[in-house]
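Peer 1: model the following, please.
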Amino acid sequence: MLVAVYAVFAVAATSRALVQIITKFHEAPVAYLLSALAGVVYILATIGLTRSSAVGRRLATAACATELVGVLTVGTLSVVDRDLFPDEAVWSVYGQGYFFLPVVLPALGLWWLRRTARPTPPAGRPA
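Peer 2: Reported below is the predicted structural model:
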């Protein structure tokens, strides 16, 4: 379910940002570029979450952590200074336009990655 939600967000955020960049970039370039960045982060998280390898887990962890920092930063800036974002980005007001899922999703992703992590053997002992 988590991977499906990330995949939907990857398509939605990337598509929306591309249309906005192509049709009205001059109106809110920062918001539209941040939405494109969010789309890329969602794509990377989706790819990472579908891989069971250590590399996939690291990719997913990095993407989810980046997403969490991004949504908290952009969310706070968009609340403090609305003039920075004449049009909403995916992460504006902590993802209000997406029912706040952008702020919940990375927390769920990081929790799931931690919950499903394989325990590492103590140093000096064979696996």
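Peer 1: confirm for me that Pro102 is in contact with Trp91.
Peer 2: Yes: under the criterion of C-beta atoms under 8 Å, Pro102 lies in contact with Trp91, with a separation of 5.5 Å. (Each C-beta comes from the backbone N, C-alpha and C, glycine too.)
Peer 1: in stretch 35-50, which residues are buried?
Peer 2: 35-39, 41-49 (16 or more other C-beta atoms under 10 Å).
Peer 1: name the nearest of these relative to Arg57.
Peer 2: Closest approach between these and Arg57, by C-beta to C-beta: Gly48, at 6.8 Å.
Peer 1: ramachandran angles for the closest one?
Peer 2: Geometry field for Gly48 lists phi and psi as phi -60, psi -40, criterion degrees, to the nearest 10.
Peer 1: over to Leu72?
Peer 2: In terms of degrees, to the nearest 10, the main-chain angles of Leu72 are phi -70, psi -40.
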